[in-house]
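What would the 3D arrangement of this be:
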Amino acid sequence: MPPPPPCRWHRLMWWDDGVGAIVANATGLSSAEVAERVARGETNAFESPTSRSAWSIVRANVFTIFNAIIGGCFLVLLLIGRWQDALFGFSAIANTIIGSVQEFRAKRSLDKLALMHAPHARVIRDGEEREVALADVVLGDLLVLRAGDQVAADAHVLTSERLQLDESMLTGESDPVDKATDDAVLSGSIVIGGGGAAVVDKVGADSFANKLSSEAKQFSLVASELRSSINRLLGWIAWIIGPISLLVLNAQMVTKGGWVEAIESGEWQDAAVASIAAIVAMIPLGLVLMTSIAFAVGAVRLANRNVLVQELPAVEGLARVDLICLDKTGTLTEGDIVFDAAHPLASHAPDGWTDVLAWYGAEPEANATARCLVEPYPVQRVLEPEARIAFSSARKWSAVGFPGSGTWVLGGPEMVFAASGDRVAGIAAATDASARGDLRAQAAHLAATGRRTLVLAHSPEELTAERAEAERLPGSLTAVALLTFRESVRPDARDTLEYFAAQGVAVRIISGDSPQTVAAIAREVGVDAPRGYDARELPTDLDELGEALESHVVFGRVTPSQKKDIVTALQRRGHTVAMTGDGVNDALAIKEADIGIAMNSGSAATKAVARIILLDGRFSQLPGVVAEGRQVIANIERVSMLFLTKTAYSTALAVLFGVMLLPFPFLPRQLSVTDGLTIGIPAFFLALMPNARRYLPGFLPRSLTFAIPAGIIIALVLALYSRMATDAGIPEDELRTGSTMILGIVGLWVLTVLSRPIDGWKIVIIGAMMIGLVLVFAIPVVADFLQFVELTLPTALLVIAASVISIAGIEVVRFVHRRAVRRMVPAVPAALVATVRRTAPGVPPSTD
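Residues are numbered from 1 along each chain as shown. Coordinates of the predicted model:
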């Protein structure tokens, strides 16, 4: 028999006239008392501190040391009338704009954080029910709570008529919570049944929801190895660029006859232009731009797959994760509860027990669990109860009496059949010998599988009005059947977890539900979890907590603050942690994690602080996010070698020419053209090509082990060429033309080496760059603008020799570099290949 369709949790729109009467008799605060509280500031108005000011974002992106250097060089060139050499300024402007937009997006997302969706609250004032804005609720207000309402402020219950709240978004507990008189209700929880009235005792920043909101809105950018590595590199350059700039400037002034003569003759302008060329070439501004573009394009691709990336470097982040923390409800499960099976216990069950279950499912005040009986037990015969005891989560049972049919009880076995002598005796006397003493054992066995277990019991005694009023059960109860319910597991959960297992990504499942239930769900999706760990027994010391997290996989009864501590403890042990969830109770942990992932069905707070949002709620999207992150990391590593090779040879050239007192062999405009053809334009395309190589830490060292040796070779060859050309009396314009030609040829060879294997679009890209390099020398207008001249035979021979030597040296460097990197890259397991094909179709697993 196929399982019945899932019965979803939903808000039960019900209201009891009795509560309405009780609330109507209350007067609440008077207008004068409200005014006094407003004057004292005891209102629910809450203005969370802004995540980050607009000025701080602008300051961080505009007023940097490198923008100051680039801006200063740009301004000098404009002042001396050499605007042709100031093309590099546009790259700096583009970087600033992209960086600012990226951080403004993060700020806007955080500032939209709002836990409270309900625009108004119902209060009693001056004896009348009124609707007021949430901010206008004051301390001591009498809230009217009805099904479907969201609690506006923390309060304590004054009156309750089967008031039932859903606090799962705050606490992680998926079970509805009954609220009686004097019980506390938390802001942000939702009324799903019954109604009542509550007196506000905490408002504004003191309320539970707003405390979570304030902590969640602490600003931070996602950790990015690419961004941090590039920033570290820029920091190194910042330390050396000042001394090297002075060294180069002094050399250029000396080549113009010395400082005094250069200043008097006006030759200092040419010396300044040459110095600016050397300084600007050292800064890998294009690498920052390419990284931002790769992140942005990756985010667009993921958006087309219903994955929203709220901060661009998060595209990279999940590819680096080695441990993922999963919240059960809404991530592994769909948040639904479904009927599982009925397990009859009595060999001669009373007639009509299935009709009783049908009545329980169709009853208007049925809770979510009982409503799941509608599909398997449709109403065949209409029953009219003569008395009933409504369900309460405190006693965990309900009862109903029908004329001539005795009393029927539905609830938790351990509560319906308490371990008292007369109750046990009643079971023994009324139940078949095969079932005697087995009820509690069988119920415990079913509960251990993670199923929610209820018992349907019967007594021939009538449920009298007196018993119903006293909420007292009749004796001689007979257990008729055990009913089991289970949570609906996401169909894609198992394959996705297999993917992460094959990737070597560890999993920790943390939930507010019972450890036993969470462990059962974990086993259902393929996680090896013999039992769950009760988080109430977790140590508070982070080091001790980290040890417990290394030895256990599943944790239940976890509080929101514990979830955050779990993430922090794992990070302290060297893990890169991702956290998924959908409730407010997950928000702090998602914010603390290296990568926070939220379901679109989750709370506003959780989505606002998450780095990635799964818009369609499909857990199976994560392998695609990993693949996109790998593409970004692998391609940026490839293009970074282009930019860092340029930085390496530019720095080495500046030092060599400063020490050798040689004229710098390039104009800024000439370097701009070679940079564009050999690095900038091809890097843009290479950064967006498919690349599924598995993530390896150490992006910057791997890039530098190629870039530094290759850059030194290029710089030494250019320095040797310049010395020989100068000694041969070759004019400065011809020397610069030859230097640019060498750099263009060698730069294209570096591009070719780093693009291997050469196929498909790579052939087109490299071929187009070669044609472009020929055209800048061949087209007269372009050549004149770049101050290129025809080469004499000696210069041409020097250019050919220098190019051949450089190419040979680069081939040796790349050979050694590839062998070193290959030893670092593990082979792809066969199991991973199969899993990737199931979970991320179209994404080829790398064998690099």
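
Strands of the stretch 301-450 of the chain, start to end?
Secondary structure of the stretch 301-450 of the chain (DSSP state E, counting those that start in this stretch): strands located at 307-309, 323-327, 333-344, 387-392, 397-402, 406-411.

Could you report the neighbour count for the residue nearest to Leu477 when sequence neighbours are not counted?
When the adjacent residues along the chain are set aside, Leu477 lies closest to Ala457, with 4.5 Å between them (CB to CB, 6 or more residues apart in numbering). For glycine as for every other residue, the C-beta is placed from the backbone atoms N, C-alpha and C. Burial measure for Ala457: 28 neighbouring residues, criterion other CB atoms under 10 Å.

Mean pLDDT, distance to Leu588 and mean neighbour count added to the strands of the stretch 301-450 of the chain, as CSV?
Below are those laid out as CSV (pLDDT from 0 to 100; distance: least, CB to CB, whole Å; neighbours: other CB atoms under 10 Å):
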stretch, mean pLDDT, distance to Leu588, mean neighbour count
strand 307-309, 79, 21, 22
strand 323-327, 87, 12, 27
strand 333-344, 82, 20, 19
strand 387-392, 82, 32, 19
strand 397-402, 89, 36, 22
strand 406-411, 90, 35, 23
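
Quick check: which of the ones you listed is nearest to Ala802?
Taking CB to CB as the measure, the strands of the stretch 301-450 of the chain were each checked against Ala802, and strand 307-309 came out nearest at 45.3 Å.

which helices and strands sit right next to the closest one?
Applying 3 or more CB pairs under 8 Å, 6 or more residues apart in numbering; DSSP states H and E, one finds that strand 307-309 makes contact with helix 285-303, strand 612-614.

What lies in contact with the first one?
The list of residues contacting helix 285-303 from outside it, by CB atoms under 8 Å, 6 or more residues apart in numbering, reads 66, 70, 88, 91-92, 94-95, 98-99, 102, 226-227, 230, 308-309, 312-313, 315-316, 612, 624-625, 628-629, 631-632, 635-636, 639-640, 643-644, 675, 679-680, 683-684, 687-688.

Return the list of helices and strands in contact with the lengthiest helix in the chain.
As assigned by DSSP state H, the longest helix anywhere in the chain is helix 622-660. The helices and strands touching helix 622-660, judged by 3+ CB pairs under 8 Å, 6+ apart, are helix 225-255, helix 268-281, helix 285-303, helix 314-320, helix 493-502, helix 681-686, helix 699-727, helix 732-755.

how about 6 Å then?
Contacts defined by 3 or more CB pairs under 6 Å, 6 or more residues apart in numbering; DSSP states H and E place helix 622-660 against helix 225-255, helix 285-303, helix 314-320, helix 681-686, helix 699-727, helix 732-755.

would CSV of those with mean pLDDT and mean neighbour count be doable?
Listed next are these as CSV, based on pLDDT from 0 to 100; neighbours: other CB atoms under 10 Å:
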stretch, mean pLDDT, mean neighbour count
helix 225-255, 83, 17
helix 285-303, 74, 21
helix 314-320, 77, 27
helix 681-686, 84, 21
helix 699-727, 92, 20
helix 732-755, 93, 22
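
Turn the ones you listed into TSV, including distance to Gly532.
What follows is these, written out as TSV (distance: least, CB to CB, whole Å):
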stretch	distance to Gly532
helix 225-255	34
helix 285-303	33
helix 314-320	26
helix 681-686	47
helix 699-727	38
helix 732-755	49
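
Could you check the angle the one helix or strand Ala197 maps to makes with strand 387-392?
Element membership of Ala197 [criterion: DSSP states H and E] is strand 190-202. Regarding strand 190-202 and strand 387-392, their directions subtend 60 degrees when assessed with axes from the mean of the first three to the mean of the last three CA atoms, to 10 degrees.

which of the residues in strand 190-202 are buried?
Applying a neighbour-count criterion of 16 or more other CB atoms under 10 Å, the buried positions in strand 190-202 are 190-202.

List of residues touching that strand?
Surrounding strand 190-202, the residues in contact under the criterion CB atoms under 6 Å, 6 or more residues apart in numbering are 11-12, 15-16, 19, 23, 139, 141-147, 149-150, 153-166, 176, 185.
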